[in-house]
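**Student:** Any chance you could fold what I've pasted below:
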Amino acid sequence: MRAGDALPPLEIEITRTLVVAGAIASRDYQDVHHDPELARHRGSPDVFMNILTTNGLVGRYVTDHFGPRAVLRKVAIRLGAPNYPGDTMVLTGRVESVESVESVESVESVDGATAVVKVVGDNGIGRHVTGTVTVTLPRGEAE
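**Tutor:** Here you go, the predicted model:
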């Protein structure tokens, strides 16, 4: 893992089930995330993904790349174009910086390197998400 390394792209189909299930799982019961008629009444062409689902997908993208022992320290995102059912979001990332840490007291056996990864996600209408993820890898897994 080095600054400048690119993560492979991840394509995520935006289905109605993903949008609704993500909203329910995160206890976001706003009607624009599950009721197409009410979403249209509020000015949206359809239901759209909530920020907590996007946050989870960004975290998943990074941990899928770095492995199950990677520990997310911080996920900071900003939303742009909505994710509507029937579209595809493509996540891409690049390691912005890497620093070694001697130890992390709160998580047992995590004492490797910490990386900051810039992540963006685009869909058919534009940039859905921009963010940074700080992730720590156990010693020996950051090379």
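**Student:** Give me the below-cutoff pLDDT ranges for the chain.
**Tutor:** 101-111, 140-143 (pLDDT under 70).
**Student:** make it 80
**Tutor:** 1, 100-112, 139-143 (pLDDT under 80).
**Student:** where exactly do the strands run in it?
**Tutor:** Secondary structure of the chain (DSSP state E): strands at 6-14, 71-79, 87-100, 113-123, 126-136.
**Student:** The spatially closest residue to V20 that is not a sequence neighbour and S100: what is the separation?
**Tutor:** Nearest residue to V20, sequence neighbours excluded (Cβ to Cβ, 6 or more residues apart in numbering): H34, at 4.8 Å. Just so you know, the C-beta spots here come from the backbone N, C-alpha and C atoms, and that holds for glycine as well. Counting by Cβ to Cβ, to the nearest Å, the gap from H34 to S100 is 45 Å.
**Student:** go on, S26?
**Tutor:** Where S100 is concerned, S26 sits at a distance of 34 Å (Cβ to Cβ).
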